[in-house]
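# I would like the atomic coordinates for the input below:
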Amino acid sequence: MRIVPGGPMLVEGPVEIVLEDGSTVASDRFQVALCTCRRSAAYPFCDTSHRRRTRPRRRGAEE
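Purely as a prediction, here's the structure:
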């Protein structure tokens, strides 16, 4: 397992994941990217939605 700073958790597959509601999802891929930001439309799998996050501009910052 490896956690990508600001990104997903990479897990060697295949994996079966138990969700909060008790349901399970599975992937037979050799490596799986799990979402840690909860922005993914494919949650619990990462769809790179974390990349679209924009940082708010700081007041007084030079342009």
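
# For residue 27, see how far away the residue positioned nearest the centre of the chain is.
Centroid-nearest residue in the chain, with CA atoms, centre = their mean: residue 35, separated by 1.8 Å. With the distance defined as CB to CB, to the nearest Å, residue 35 ends up 13 Å from residue 27. Every residue, glycine included, has its C-beta placed from N, CA and C.

# Is it correct that residue 21 falls within a helix?
No - using DSSP: H, G, I helix; E, B strand; the rest coil, the assignment for residue 21 is coil, not a helix.

# what sits against it?
Shown in contact with residue 21 (CB atoms under 8 Å, 6 or more residues apart in numbering): no residues.

# Can you tell me how far it is from residue 10?
For residue 21, the distance to residue 10 equals 24 Å [CB to CB].

# Tell me the strands beside the lowest-mean-pLDDT helix or strand in the chain, with direction?
Within the chain, no helix or strand scores below strand 2-3, which has a mean of 88 by mean pLDDT, DSSP states H and E. Using DSSP bridges, the strands paired with strand 2-3 in its sheet are strand 9-12 (antiparallel).

# what sits in contact with each of residue 35 and residue 27?
residue 45.

# so where's this structure uncertain?
The chain contains residues with pLDDT under 70 at 53-63.

# residue boundaries of the strands in it?
Ranges of strands within the chain are 2-3, 9-12, 15-18, 24-27, 31-34, based on DSSP state E.

# Check which residues of the last one are buried.
Judged by neighbour count using 16 or more other CB atoms under 10 Å, the buried positions of strand 31-34 are 32-34.

# Same list, those residues, but as CSV with distance to residue 2 please.
What follows is these, written out as CSV (distance: CB to CB, whole Å):
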residue, distance to residue 2
32, 11
33, 10
34, 11
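
# just curious, which of the residues you listed is nearest to residue 52?
In terms of CB to CB, no member of those lies closer to residue 52 than residue 33, at 15.5 Å.

# correct me, but the closest one touches residue 44?
No - if you go by CB atoms under 8 Å, residue 33 and residue 44 don't touch, sitting 9.8 Å apart.

# Tell me which of the strands of the chain sits most buried.
Among the strands of the chain, ranked by average contacts under mean count of other CB atoms under 10 Å, first place goes to strand 31-34 (a mean of 18).
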